[in-house]
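Enquirer: any chance you can model this:
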Amino acid sequence: MTVLPDDGLSLAAEFPDATHEQWQHLVEGVLRKAGKDVSGPAAEEALSTALEDGLRTRPLYTARDAAPDTGLPGFAPFVRGGRAEGNTAGGWDVRQRHTALKDSVVLADLENGVTSLWLVLGEGGIPVSELGRALEGVYLDLAPVVLDAGTEVEPAARELLRLYEERGVAKEAARGNLGADPLGHEARTGQSSEFAAVASLARLCAEEYPGLRALTVDALPYHEAGGSAAQELGCSLATGVAYLRELTEAGLTVEQAGAQLEFRYAATADQFLTIAKLRAARRLWARVSEVCGAPSAQVQHAVTSPVMMSRRDPWVNMLRTTVATLAAGVGGADSVTVLPFDHALGLPDAFARRIARNTSTILIEESHLARVIDPAGGSWYVERLTDELAEAGWEFFQRIEGAGGQAEALRSGRLGQDLAETWAARTGKLVKRREPITGVSEFPNLAEQPVEREPAPEVRSGGLPRVRRDEAYEALRARSDAHLAATGSRPRIYLAALGPAAAHTARLTFASNLFQAGGIEPVTEGTFAESGATEACLCSSDAVYEEQAQTVAAEFRSAGATHVFLAGRPGQYTDVDSYVFAGCDAVAVLSATLDRMGVS
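Expert: Next up, the predicted model:
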């Protein structure tokens, strides 16, 4: 065996270094073939992707895309992690959420990979009086417990502390969070509450229970109301600052007050944005705590996004939550909750819970995701995105503070309006399928059998709305389901494939996906008269349309078609009523089609 000398050999040594300008020139040539005559930076900009908050993802990042020094894990500004060891000691805390009292479910989770419990109590959850039963058989000195009790936070906390004492758990061994979050609860319900009881719990934890925190800064209400990543960051900072003020006024030191907070963020299937958001959140809180005189690391709990979960084809949610969990782990979250794939349908069954907890197990134990601290660190893209998102989040935080703080922003309605405007812009992308939803707006399966689940407790409401990406399409599919139940068949449309397969395949597939997204069954076999449809859609290339569109459309008219679509950009074809094409308002088209078909 020949051993090459260690002489710094580079396989690319004989090749000259390419410049950024040379790469742009190559991009120009590709775009020119696509009909876009742009050059230089404009060519690069043409391949960029617009994100929310005014951010853009560029197609290429290099060493020129510098970002501020991220420091080392465990040191300010904590971008690379709040602890020096990160999650390398055993992975992140796998935290399962429970909203209902079901025998053996809690123990089954703990025996199969879950390391802490998140219990929703009171309204929308388990009765506070049943907390002891919910924790029956649980070793409370081993399994941290996180409460979420809304306005019943004080009795819930007192009941948990009573259980610790009753079961002989030493105060220094108690771990978890009492879950007080007055502003988060107000965001959910519109109901404000006094802070005195919360301050009392925080003081008790600071003085007697070193492993317990009293407060959660929950950013999920703002994410679930349609907020962007920067808005989620800004709201969490404003809430955290409000709690620091209240706690220090109640007599706690800044260090004690900061140690009582745990922050909760949404993890989405946009993995890079999630990674950057968690890293940016730590940087921003480091700045806040530094200004307050006690620099500290932010403790983070990431939850897979409820907004991204679909009710149709819910199995795809397993893929979404896997990507989101990976992003949360790479982003450095201290604990991660994977919502079961059937979360949007009701109470999860045993299979769904097993898949949820095994998602973290596979990523930690088999993918070894936790072995490296901040694995995305050093990526020019991630570092630049982290920096830009931190800037946008800080700007939104300053807007809230300038308007009087988080409480005032909520009560004045200004925050709700900001979130609604963001969601309206995103809705525009969803209804035009610019932001696809696999299994819903793309590649839906009308033949799928519905997944039935036991109803979950009613969620807390009355404050900010809860939105879902699939809501517009879900309304259309519900209309189709009702029609199926009443008549035995779904509304149908006849898709006419004109010319050879090479000419019609792409637009036929596009039209089939589009109409199925609204619960309209496409028919491609047989004749129009045999299809049982009242409307038709022509699918082919522009060249074939020039030759056949007018004639075929007229034939469908004669056969009884009340509306004729053409799949493609609007052109000059007689007897064609409307067009469906990439970027059209799919929801509006589908709703109008169902209206014409008499589907209410």
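Enquirer: for the rest of this, base every contact and every neighbour count on C-alpha atoms.
Expert: Will do.
Enquirer: where does the protein have low pLDDT?
Expert: Low-confidence segments of the chain (pLDDT under 70): 1-13.
Enquirer: regarding it, what is its longest helix?
Expert: helix 380-402 (DSSP state H).
Enquirer: may I see the buried residues of the helix or strand residue 106 falls within?
Expert: Using DSSP states H and E, residue 106 falls within helix 105-111. Residues of helix 105-111 classed as buried: 105-107, 109-110 (neighbour count, 16 or more other Cα atoms under 10 Å).
Enquirer: and the next helix or strand past the longest helix of the chain?
Expert: Taking DSSP H and E, what comes next after helix 380-402 is helix 406-412.
Enquirer: does anything pack onto that next one? Which helices or strands?
Expert: When contacts are defined as 3 or more Cα pairs under 8 Å, 6 or more residues apart in numbering; DSSP states H and E, helix 406-412 packs onto helix 182-189, helix 229-249.
Enquirer: who wins for proximity to residue 594 among the ones you listed?
Expert: Using Cα to Cα as the measure, helix 182-189 is the one of the helices and strands packed on helix 406-412 that comes nearest residue 594, at 34.5 Å.
Enquirer: tell me the helix or strand right after the closest one.
Expert: Taking DSSP H and E, what comes next after helix 182-189 is helix 196-208.
Enquirer: tell me the buried residues in that following helix?
Expert: Buried, per 16+ other Cα under 10 Å, within helix 196-208: 198-203, 205-206.
Enquirer: check stretch 278-293 too.
Expert: 278-289.
Enquirer: mind checking which of those residues land in helices?
Expert: 278-289.
Enquirer: redo those as JSON lines? Include distance to residue 525.
Expert: What follows is these, written out as JSON lines (distance: Cα to Cα, whole Å):
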{"residue": "278", "distance to residue 525": "51"}
{"residue": "279", "distance to residue 525": "53"}
{"residue": "280", "distance to residue 525": "54"}
{"residue": "281", "distance to residue 525": "55"}
{"residue": "282", "distance to residue 525": "57"}
{"residue": "283", "distance to residue 525": "59"}
{"residue": "284", "distance to residue 525": "59"}
{"residue": "285", "distance to residue 525": "61"}
{"residue": "286", "distance to residue 525": "63"}
{"residue": "287", "distance to residue 525": "64"}
{"residue": "288", "distance to residue 525": "64"}
{"residue": "289", "distance to residue 525": "66"}
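Enquirer: between these, which is closest to residue 379?
Expert: residue 279 (12.8 Å).
Enquirer: now do the contacts for that closest one.
Expert: Contacts for residue 279 (Cα atoms under 8 Å, 6 or more residues apart in numbering) come out as 78-81, 331-332, 386.
Enquirer: please give the element, helix or strand, for the residue nearest to residue 268 when sequence neighbours are not counted.
Expert: Of all residues not flanking residue 268 in the chain, residue 324 sits nearest, at 4.8 Å (Cα to Cα, 6 or more residues apart in numbering). Using DSSP H and E, residue 324 falls within helix 316-331.
Enquirer: now the buried members of the contacts of residue 279.
Expert: Listed as buried from the contacts of residue 279 are 78-81, 331-332, 386; burial here means 16+ other Cα under 10 Å.
Enquirer: SS state for residue 303?
Expert: The three-state label given to residue 303 by DSSP: H, G, I helix; E, B strand; the rest coil is strand.
Enquirer: wait, it touches residue 265, no?
Expert: Yes - judged on Cα atoms under 8 Å, residue 303 makes contact with residue 265 at a distance of 6.2 Å.
Enquirer: what's the overlap in contacts for those two?
Expert: Joint contacts of residue 303 and residue 265 (Cα under 8 Å, 6+ apart) do not exist.
Enquirer: which of these two has more neighbours?
Expert: With neighbours defined as other Cα atoms under 10 Å, residue 303 and residue 265 compare such that residue 265 has more, 29 against 25.
Enquirer: what does stretch 239-253 contact?
Expert: For stretch 239-253, using Cα under 8 Å, 6+ apart, the contacting residues are 183, 195, 199, 202-203, 217, 254, 257-258, 261, 288, 405-406.
Enquirer: how about it: buried residues?
Expert: By 16+ other Cα under 10 Å, the buried positions in stretch 239-253 come out as 239-244, 246-248, 250, 252-253.
Enquirer: any idea how far it is from the middle of the chain?
Expert: Mean-position distance between stretch 239-253 and its chain equals 30 Å (Cα atoms, centre = their mean, to the nearest Å).
Enquirer: which residues does residue 316 contact?
Expert: Going by Cα under 8 Å, 6+ apart, the list of residues near residue 316 reads 310, 341, 438-439.
Enquirer: need these in TSV (columns: neighbour count, distance to residue 166 and secondary structure).
Expert: Output for the contacts of residue 316, formatted as TSV (neighbours: other Cα atoms under 10 Å; distance: Cα to Cα, whole Å; DSSP: H, G, I helix; E, B strand; the rest coil):
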residue	neighbour count	distance to residue 166	secondary structure
310	26	43	coil
341	27	37	coil
438	16	50	strand
439	21	50	coil
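Enquirer: now the strands: where do they sit in the stretch 351-500 of the chain?
Expert: Remark: strands assigned in the stretch 351-500 of the chain by DSSP state E, counting those that start in this stretch are 492-497.
Enquirer: show the contacting residues for the residue nearest to the spatial centre of the chain.
Expert: Note on the chain: the residue nearest the mean C-alpha position is residue 268, at 3.0 Å, using Cα atoms, centre = their mean. Residue 268 makes contacts with 274, 304-305, 308, 320-321, 323-324, 327, as judged by Cα under 8 Å, 6+ apart.
Enquirer: apply 6 Å and report the result again.
Expert: 304-305, 324 (Cα atoms under 6 Å, 6 or more residues apart in numbering).
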